[in-house]
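Engineer: when you get a sec, could you give me coordinates for this:
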Amino acid sequence: MPPRDPEQSASAYSSASRTGLHAFQSPPTIALFVVIALAGLAGDLLSKHYVIGALLSDPSLPERIDGVRMHHDQATVPPQQILGELHLYRQIAPGVRFTLSTNPGVVFGTPMSWPLVLVATILTVVVVSLFFGVAPARAYWTHTALALIAAGALGNLYDRLLAQVALPGLEPIRHQVRDFIDCSQIGYKWIFNVADVYLVVGVAMLVLHWLTDRRTSARAHPVR
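Structural biologist: Residues are numbered from 1 along each chain as shown. Down below sits the predicted model:
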């Protein structure tokens, strides 16, 4: 069987649905995408606000910070190092706890300068918006996946631009993503946040859709 024409594949993906419309031509579809993305963004930012606020509410925190400083026998210790040694956490469920952490890099703590991460995040939002615009107006599964990816990217972008973690008596930690979901007790060592969950779920939905579409196409065009 000859290979499928790439132009036909692209056309099949970006072709309009039964209405003959692309997503960017349908106001209800655009509204649905925006609502999902904004609701997801709000959920991420609110979860960070309340969880981190609760973890920083310990009245003994200033004394604990002084203890970390004395342990290192130096007046100035990087705030992020102090945060890591404080081990601020609360057990939520068996194997899951909220642990306050910040990430200056990207996924899995991979180091990268924050301006570069900033540019990559903005490009991600732009690409997601473009993919949404050319998708069929009724491709709701794809719209939801892309909206979740946009919400996750925007949530972490907000952290890098505007958020901070302020420990008593220390310079605020800026330009870093705020993480708190800790599953290290069940073997997953990286701490993450709700925005990261959106990103993973959104990408998984797109991959599942792609695999399902390939299977459907293979059944419609069997090898002879």
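Engineer: CA atoms for contacts and neighbours, from now on please.
Structural biologist: OK.
Engineer: now do the buried residues in the top helix by length along the chain.
Structural biologist: Ranked by number of residues, the top helix in the chain under DSSP state H is helix 27-55. By neighbour count with 16 or more other Cα atoms under 10 Å, helix 27-55 contains the buried residues 29-30, 33-34, 36-38, 40-41, 43-45, 47-48, 51-52, 55.
Engineer: show me where this protein has its strands.
Structural biologist: Here the chain has its strands, by DSSP state E, at 89-93, 96-103, 164-165, 173-174, 177-182.
Engineer: sorry, back to before: next, the angle from the longest helix of the chain to strand 177-182.
Structural biologist: Between helix 27-55 and strand 177-182, the angle comes out at 70 degrees (axes from the mean of the first three to the mean of the last three Cα atoms, to 10 degrees).
Engineer: ok, now how distant is Ala54 from Lys48?
Structural biologist: 10 Å (Cα to Cα, to the nearest Å).
Engineer: swap that for Val165, sorry
Structural biologist: Taking Cα to Cα, one finds Val165 at 10 Å from Lys48.
Engineer: and what of Ser57?
Structural biologist: Distance from Ser57 to Lys48, counting by Cα to Cα: 14 Å.
Engineer: show me which helix or strand of the protein is least confident by mean pLDDT.
Structural biologist: Of all helical and strand segments in the chain, the minimum by mean pLDDT, DSSP states H and E falls on helix 6-14, at a mean of 41.
Engineer: if you skip the residues just before and after it, what's nearest to Thr102?
Structural biologist: Using Cα to Cα, 6 or more residues apart in numbering and skipping residues adjacent in sequence, the residue nearest Thr102 is Arg178, 4.7 Å away.
Engineer: and for the one you found, the neighbour number?
Structural biologist: Neighbours of Arg178 under the rule other Cα atoms under 10 Å: 28.
Engineer: if I look at it, what pLDDT would I see?
Structural biologist: Looking at Arg178, its pLDDT is 96.
Engineer: just the strands of the chain: most buried one?
Structural biologist: Of all the strands of the chain, strand 177-182 carries the top mean neighbour count, a mean of 25, counting by mean count of other Cα atoms under 10 Å.
Engineer: next, the angle from that strand to strand 96-103.
Structural biologist: 160 degrees.
Engineer: counting by contacts, list what strand 177-182 packs against.
Structural biologist: helix 27-55, strand 96-103, helix 140-161 (3 or more Cα pairs under 8 Å, 6 or more residues apart in numbering; DSSP states H and E).
Engineer: quick one, the first one and helix 140-161 angle?
Structural biologist: Right, helix 27-55. Inter-element angle recorded for helix 27-55 and helix 140-161: 40 degrees (by the same axes, to 10 degrees).
Engineer: just to revisit the earlier point, of all the strands of the chain, which lies closest to Asp213?
Structural biologist: Proximity to Asp213 (Cα to Cα) singles out strand 177-182 among the strands of the chain, at 33.5 Å.
Engineer: ok, and what's touching the closest one?
Structural biologist: 48, 51-52, 96-104, 156, 159-160, 165, 188-194 (Cα atoms under 8 Å, 6 or more residues apart in numbering).
Engineer: go again with 6 Å.
Structural biologist: Strand 177-182 has contacts (Cα atoms under 6 Å, 6 or more residues apart in numbering) with 96-103, 156, 159, 191-193.
Engineer: so Val194 makes contact with Gly43?
Structural biologist: No - with contact defined as Cα atoms under 6 Å, Val194 does not count as touching Gly43 (7.7 Å).
Engineer: so, low pLDDT: which residues of this structure?
Structural biologist: Low-confidence segments of the chain, defined by pLDDT under 70: 1-19, 73-75, 107-111, 217-218, 220-224.
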